[in-house]
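Peer 1: Model the structure of this input:
(chains A and B)
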Amino acid sequence: MDFTFTPVQEALREQAREFLAATPEPTWAQLAELGWTGVSIAEEDGGAGLSFLEEAVLFEELGRALYRGPYFATIGLTLPALLSEDRAAIASGETTWTLALGPLVPDLDSAEHVAIVGGDGIYELEGGERELLAATDESRPLGVVRGGEPGRRLADSTVLAEIEARSQTALALEACGVAWLALEDAIEYASSRVQFGKKIGVYQAVSHPLADAYTRVELSRSLALWAAWCVATDDDQASIAAAAAKSYAGESAVAVCETAIQSLGGIGFTWEHRLQRLYKRALGIESFGTSGTRLRAEIAASLIEQDEASSGSLAPVKVTQGG
Amino acid sequence: MDLRDTPDEATFRAELRSWLEESLPQDLQGHRGGATRFAGPEMRAWSRALHDAGYAGLTWPEEYGGGGAPYTHQAIFLEEMARAEAPPHIGVIGIGMAGPTIIAHGTDEQKSRYLAPLLAADEIWCQGFSEPGAGSDLAGVRTSSRLDDGHFVVNGQKVWSSFAHIADFCILLTRSDPDATRHAGLTYLIVDMHASGVEVRPLRQITGEAEFNEIFFSDVRVPAENLLGEVGGGWQVAMTTLLHERGTLGFALQAQLEVQIRKLVALARDRGADPLQRDRIAREWTEMQAVRFTNYRSLSALMKTGMPGPEGSISKLVWSEANQRVTKLALEILGPDAALGEENAPYGGYWQYQQLRSRGNTIEAGTSEVLRNIVAERVLGLPYSR
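Peer 2: Numbering: from 1, shown residues only, chains lettered A, B, ... in the order given. Model (predicted):
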């Protein structure tokens, strides 16, 4: 058992943080130049042939940076449905994709191609109109597609389970990046702001909610990295791990941002402070796709109805009296 | 990153699992603890069986009778023990706290005298740290020790001491310098619980049982060679003990929580659960998994760098509150039957007992308030509140 990142993954994180700090609004071509668009794409298709674990590092950092662009839509959402030539075009930085998994389609303003789910398969949308909608989170534009028809067939609909697990995990990772930065802002403020003659972080009414926020961030990361490993290795538990990670990390990022806003007082409530943007991304992640309530209903069903046979060894409740 | 057992870990786990299947007496499985939990000879026999199979002191150096195994094996051991619902070795205080402290600070004579019988469950240990006036604020201990003719003379009172009623030895934190305050002037002693002047009284708790005890010391004469560390250096020694208490605890707690949630799921299957209850079951399962992988992350950091990751500090805090919610949710699923006492309650009163017992979880081994302070100050680097 080894739950640490490799030196290569650590180096990738460092590179990503430095690059995104210096380049807050990177173009797709810049991401391709760094090799980020082809991380998990096979070498014969021009990618790096690495895994979702390396992409996991990037999703966390892109979340932290509130990156605006079609990386999630292309790599986190659509990639498993795409054919070899499409993947090659992504790795080289020529093209981008999004997928209409639900009525609201992410990054519809920037993605070049749109994939749709129809009947037994996933197709490239031909024709149709794109309508961009106002979204609370300005860093992740949403829109709807109207009309058009299924064109090129891309994949069988059996790939949807992988798409769900991958996209939920990617969002959970983004949520972790968002929550970390919000927590860092709150810690920095509580460590310097003075009221009643003391730094406010001294007061347990301030510090204990921050300890709880830290707890949520770490638990979220543990779930998101577990899910990422499951996705990367095509583990049997990928679906349930992704559902757990998305529901918990999404909700937690919102809660952590709320604690941070409260910790900063009036400043945290202003338009100028980046907390409002982190908060809106967290809200956007939480509401994207399948809701936390629905994901937990799926988890409960899998625990209570489906796993009966496998957990039989511990049921029914057995009690032995002490002494 | 690879979350699977290594071949070596898988072998260890498989051997342990089949050993537990063969060796755990059925009437000890699910043994739930309480006043007489450790009194019976069957518990000593079980502890000896663990020792003979090489599972006592797994991570201790081999020269002290341990297994010299990596921490990952200890984690696997705790997971498998909890999953088999096997009671722990009777010497949990000795193996988890007293032994590692003696290994770190003890003399050669102390090591050769105490460690082997401790692992073999021939001698039982208890801990004398907390006092009526020194709980979370341990530096407030007032139990006194005074050097007199080659002996420390000990007077005072300790409280919340598990196993004291059957213990042979106590790791005792005393104030040797009445003029020193706080962390200075403390001295750490090994005290024979059979010595004259030692009195143990059971403390009955909210469940009606007495897991804990008070210990009274009246002019107890402790030989000077029973000093652990330096006179006046007791605080540093005590920190070693507490570090070990919190060390691999997280794995045992997570595994217990997993068993608890499996029972909760079985209960929901048996009695039915409404959608809101099902939502809460899914939440608890999710958080239990999060604690599991948080422990793994912390352990991986320990294996690679020699220092556990900071994330490990939250396990006990999260577990204790989760166990309180899980047991309360079980009572809610039981409905009106939750009000029944042990004799008439479904499942032998398991959930009623567990729910009441869980209230102690956020108090024992570091209150949640203290643990939040630790996270805030030592992990997040917020200014100290005291």
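
Peer 1: My guess is residue B:44 contacts residue B:121. True?
Peer 2: Yes - under the contact definition of C-beta atoms under 8 Å, residue B:44 touches residue B:121, with a separation of 5.3 Å. C-beta: built from backbone N, CA, C; applies to glycine.

Peer 1: Quick check on the two: which one has the bigger neighbour count.
Peer 2: The residue with more neighbours, out of residue B:44 and residue B:121, is residue B:121; 22 against 19, by other C-beta atoms under 10 Å in any protein chain shown.

Peer 1: got the contact list for that one?
Peer 2: Contacts for residue B:121 (C-beta atoms under 8 Å, 6 or more residues apart in numbering or on different chains) come out as B:44, B:47-48, B:51, B:56, B:89-91.

Peer 1: hmm, 10 Å instead?
Peer 2: Applying C-beta atoms under 10 Å, 6 or more residues apart in numbering or on different chains, we find residue B:121 in contact with B:43-51, B:56, B:89-91, B:94-95.

Peer 1: now residue B:150
Peer 2: Residue B:150 neighbours (C-beta under 10 Å, 6+ apart): B:221, B:223-225.

Peer 1: Buried members of these into PyMOL, please.
Peer 2: Command for PyMOL that selects the buried part of the contacts of residue B:150, burial taken from 16 or more other C-beta atoms under 10 Å in any protein chain shown:
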select buried, chain B and resi 221
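
Peer 1: from the contacts of residue B:150, which ones fall inside strands?
Peer 2: Among the contacts of residue B:150, DSSP state E puts B:221, B:223 in strands.

Peer 1: Could I get the contacts of residue B:150 in TSV, plus columns for pLDDT and distance to chain A?
Peer 2: Compiled in TSV, the contacts of residue B:150 are given as follows (pLDDT from 0 to 100; distance: C-beta to the nearest C-beta, whole Å):
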residue	pLDDT	distance to chain A
B:221	98	34
B:223	98	34
B:224	97	39
B:225	97	36
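
Peer 1: And the contacts of residue B:150, which is closest to residue A:222?
Peer 2: Distance ranking of the contacts of residue B:150 against residue A:222, using C-beta to C-beta, places residue B:225 first at 46.5 Å.

Peer 1: which non-adjacent residue is nearest that closest one?
Peer 2: residue B:109 (6.8 Å; C-beta to C-beta, 6 or more residues apart in numbering or on different chains).

Peer 1: what pLDDT does residue B:4 get?
Peer 2: pLDDT recorded at residue B:4 is 92.

Peer 1: just to revisit the earlier point, quick check: which element contains the residue nearest to residue B:225?
Peer 2: helix B:108-119 (DSSP states H and E).

Peer 1: what's the pLDDT at residue B:343?
Peer 2: Reported pLDDT for residue B:343: 89.

Peer 1: That one and chain A, how far apart?
Peer 2: Residue B:343 sits 11 Å away from chain A, going by C-beta to the nearest C-beta, to the nearest Å.

Peer 1: So that residue versus residue B:352, what's the distance?
Peer 2: 11 Å (C-beta to C-beta, to the nearest Å).

Peer 1: If you count surrounding residues, which of the two has more?
Peer 2: In this view residue B:343 and residue B:352 are compared by other C-beta under 10 Å, and residue B:352 has more residues nearby, 23 against 7.

Peer 1: Does that one touch residue B:206 like I think?
Peer 2: No - counting by C-beta atoms under 10 Å, residue B:352 stays clear of residue B:206, with 11.5 Å between them.

Peer 1: and residue 197, how many neighbours does it have?
Peer 2: Looking at chain A here, since you left the chain open. 6.

Peer 1: To clarify, I was referring to chain B.
Peer 2: Residue B:197: 14 neighbours (other C-beta under 10 Å).
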